[in-house]
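A structural model of the following input is requested.
(one chain, ligands or ions: 1)
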Amino acid sequence: MASVPSVWSLALALLLLVIAYARGFRRRPAHPPGPKPLPIIGNLLDVPKSKGHVVFKEWEKQYDSKLLYASVLGQSVLVINSLEDATELLEKRASTTSDRPWLPLMDLVGATRNTLLKRYGDSWRFHRRILHQNLRKGVLEHYRPILMQKSHILLHRLAQDPAEFLTHFKIYSSSLLMGVVYGCDMEAPDEWNLPTSYFEWAEKVIRDVSKIGLLPIIRQAPSWLLGGSQSYTADLRRRVLKLRDQPFDLAKEKAMLDDERLDMVSRVLRNKVEGPESSEEPLRDVSMSAWVAGVETTASALGSFILALCLCPDVQEKAQDEISRVVGSDRLPTLEDRPSLPYLEAIYREVLRWKPPAPQAVPHSTVQDDMYKGYFIPSGTIIIPNVWAMMRDEESYPEPEAFRPERYLKPDGTLDARQSDRVLAYGFGRRACPGKDLASESFWLGIAHILASFDIAKAKDKEGMDIPLTLEYFDDEAVVRPKPFPCSITARRSIDTLTFAG
Ligand code: HEM
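So this is what the prediction gives:
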């Protein structure tokens, strides 16, 4: 039996512990509002597995805050639904909010070689330098012939097999990026010796990688917890490395034979980029990153553009009128025409507002404890910039669900300078999309060429009635994309009669 003094000491110790805990609890600054966590698992059951951007927007109403907090198995998660908070936290405080979450499983399959998932540090900076030097505005002019060629091929594919428009968009964005990054002409497969099924194979690799990163809990799980699937992860790693090395090795061979090539790989191999890493490895990684990050996003935007035209015939009519007025009907618009086509510019911006391809951008992560608006944000917090919610702010974008390019225009039809030309769909601060100028050019060109060449409308059933659209998206991955939908795409004139000449 315990002696009386020891019972007292135990009780006293317990009391002190409770007091210390309560005081500590009281003193700990508050987190932003959010769902009530359960013991140990926290908000594991509240965190959505798909349509996170929509659920987080609902949280905004539920908890009366645009800054929201959740904790999943001890991992802090901060959701930002307003541009003001995104600017303050991700841009003004970029030195502490530009990291990416630690993703051991992604590490295991080699996916953290991708610039997109790289931790903040020298190696990531070196990646960004390569991307900046090769994808900045002044350099893009060199790639314009590739963009024009690929867009022309897209028009032919749409004319021949309109029902497969979503597949054509993927081939368009993939093949133009293969051209820009590796100098690889996918339309000349023999020359490149890549199988014709390469894109499908590559797409499957990218999809398999993004599947293992779906749930924050799995993303954070150490690899030994997933030991049962070791052979799967080893196989995926092999495929990721093949995805990275196969086009790079071919591009390197070509670069050795011709020192005038303009693609990114040839340019970097010729003019070494100063940096902490001298080997070829970072260039291999960064080239894969540009390709992987650009394919789905641009294709998704083009799919949403077709959806918007089906829903808004008046938008199509105004855009086609503008093209006829400014460019005429004998040639296709070029990027040089872009400043003279404000309505098309407004369509470009409105698609990326209405259906941002990456509605939650890519999570950032913090590297030190911080206080913001009186709230405590611990070091290592995952920050989710909910761009979808930011671009549904009713004050800036009245009736946000409506597709309305006019929001960017003055009554006289010119672009409204009060509307910032910044496109939030490209993300924030130091991690903002380094391919945004290329994306902007290739997406705009796709829009302009399709409008000049085709009439888009809802498909009709046997009775000649419009088939209603459901607006459904594949939305359980970082990049969302429209599910296949019926639509009518008819050529306005023979594609071959249209030229690029000014
Ligand atoms: C419409 C097309 C595109 C959209 C909407 C888009 C959007 C984004 C977003 C939201 C991010 C994350 C930003 C952040 O963390 O705050 C990102 C990062 C990135 N994007 Fe894009 N992107 C597009 C096209 C492209 C293209 C064409 C390329 C390459 C040529 C590219 C390369 C990258 C890379 C390498 C990153 C990682 C940057 C980093 O983590 O430092 N993207 N993009």
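
near the ligand, which residues of this protein show up?
Proximity of the chain to the ligand (Cβ under 6 Å from any ligand atom) is limited to residues 115-116, 128, 131, 135, 177, 289-290, 293-294, 297-298, 301, 357-358, 361-362, 364, 425-428, 431-435, 438-439, 443. In this view, the C-beta of every residue, glycine as well, is placed from N, C-alpha and C.

Wait, Ser440 touches Arg349, no?
No. Applying Cβ atoms under 8 Å as the test, Ser440 and Arg349 come out as separate, 9.8 Å apart.

Name the residues contacting each of those two.
Each of Val423 lies in contact with both Ser440 and Arg349 under the rule Cβ atoms under 8 Å, 6 or more residues apart in numbering.

sorry, back to before: show the buried residues in the residues of the chain next to the ligand.
115-116, 131, 135, 177, 289-290, 293-294, 297-298, 301, 357-358, 361-362, 364, 425-428, 431-435, 438-439, 443 (16 or more other Cβ atoms under 10 Å).

Which of these fall in strands?
His364 (DSSP state E).

Can you pull the poorly scored residue ranges out of the stretch 401-502 of the chain?
419-420, 496-502 (pLDDT under 70).

please redo it, this time with the cut-off set to 90
416-422, 470-471, 475-478, 493-502 (pLDDT under 90).

Strands along that one, start to end?
454-458, 473-474, 481-482, 487-491 (DSSP state E, counting those that start in this stretch).

How about the chain?
67-72, 75-80, 364-365, 370-372, 375-377, 382-385, 454-458, 473-474, 481-482, 487-491.

For the first one, which outside residues touch it?
The one in question is strand 67-72. Against strand 67-72 from outside (Cβ under 8 Å, 6+ apart): 31-35, 37, 41-44, 46-47, 56, 59-60, 76-82, 85, 216-217, 372-373, 375.

now that strand against strand 75-80, angle please.
160 degrees (axes from the mean of the first three to the mean of the last three Cα atoms, to 10 degrees).

What average pLDDT does strand 67-72 get?
Taken as a whole, strand 67-72 has an average pLDDT of 96.

same check, this time on the second one
The pLDDT scores in strand 75-80 average 96.

Output the contacting helices and strands for that strand.
On a contact count with 3 or more Cβ pairs under 8 Å, 6 or more residues apart in numbering; DSSP states H and E, strand 75-80 meets strand 67-72, helix 216-220, strand 382-385.

Can you say which of the strands of the stretch 401-502 of the chain is packed in most?
By mean neighbour count, with neighbours taken as mean count of other Cβ atoms under 10 Å, strand 481-482 ranks first of the strands of the stretch 401-502 of the chain at a mean of 22.

Help me confirm that Ile146 comes into contact with Val180.
Yes. The pair Ile146 / Val180 is scored as a contact, 6.0 Å apart, by Cβ under 8 Å.

picking that back up, quick check on the contacts of strand 67-72: which are buried?
31-35, 37, 42-44, 46-47, 56, 59-60, 76-82, 85, 216, 375.

Pick out the residue nearest the middle of the protein.
Nearest to the geometric centre of the chain sits Ala358, at 3.9 Å (Cα atoms, centre = their mean).

and the gap between that residue and His449?
24 Å (Cβ to Cβ, to the nearest Å).

For stretch 315-323, which outside residues touch it?
308-309, 333, 341-344, 347, 403, 405, 448, 451-452, 455-456.

pretty sure Glu406 contacts Arg349?
No. Using Cβ under 8 Å, Glu406 is not in contact with Arg349; the gap is 11.3 Å.

Settle it for me: which of those two has more neighbours?
Arg349 (22 against 15; other Cβ atoms under 10 Å).

Give the closest residue to that one in space, chain neighbours not counted.
Tyr408 (5.4 Å; Cβ to Cβ, 6 or more residues apart in numbering).

how many neighbours does Asp321 have?
Neighbours around Asp321, by other Cβ under 10 Å: 11.

now do Leu45
Leu45, neighbours per other Cβ under 10 Å, totals 10.

for it, what are its contacts?
Leu38.

Likewise for the one 3 residues further on?
Applying Cβ under 8 Å, 6+ apart, one finds that Pro48 lies in contact with 55-56.

Give me the local confidence score for it.
Predicted confidence (pLDDT) for Pro48: 89.

That one and Lys355, how far apart?
Counting by Cβ to Cβ, the gap from Pro48 to Lys355 is 18 Å.

Over to Glu399?
15 Å.

Comparing these two, which shows the higher neighbour count?
Lys355 (24 against 10).

where exactly do the helices run in the stretch 401-502 of the chain?
With DSSP state H, counting those that start in this stretch as the criterion, the stretch 401-502 of the chain has helices at 436-453.

I misspoke; the intended subject was the stretch 251-400 of the chain.
So, for the stretch 251-400 of the chain - with DSSP H, counting those that start in this stretch - the helices run 264-270, 281-311, 313-326, 342-354, 387-390.

Rebuild those as a markdown table, extending it with mean pLDDT.
Shown next, in a markdown table, are the helices of the stretch 251-400 of the chain (pLDDT from 0 to 100):
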| stretch | mean pLDDT |
| --- | --- |
| helix 264-270 | 91 |
| helix 281-311 | 95 |
| helix 313-326 | 98 |
| helix 342-354 | 97 |
| helix 387-390 | 97 |
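
re earlier: which of the strands of the stretch 401-502 of the chain sits closest to Glu203?
Of all those, it is strand 481-482 that lies closest to Glu203, at 11.4 Å by Cβ to Cβ.
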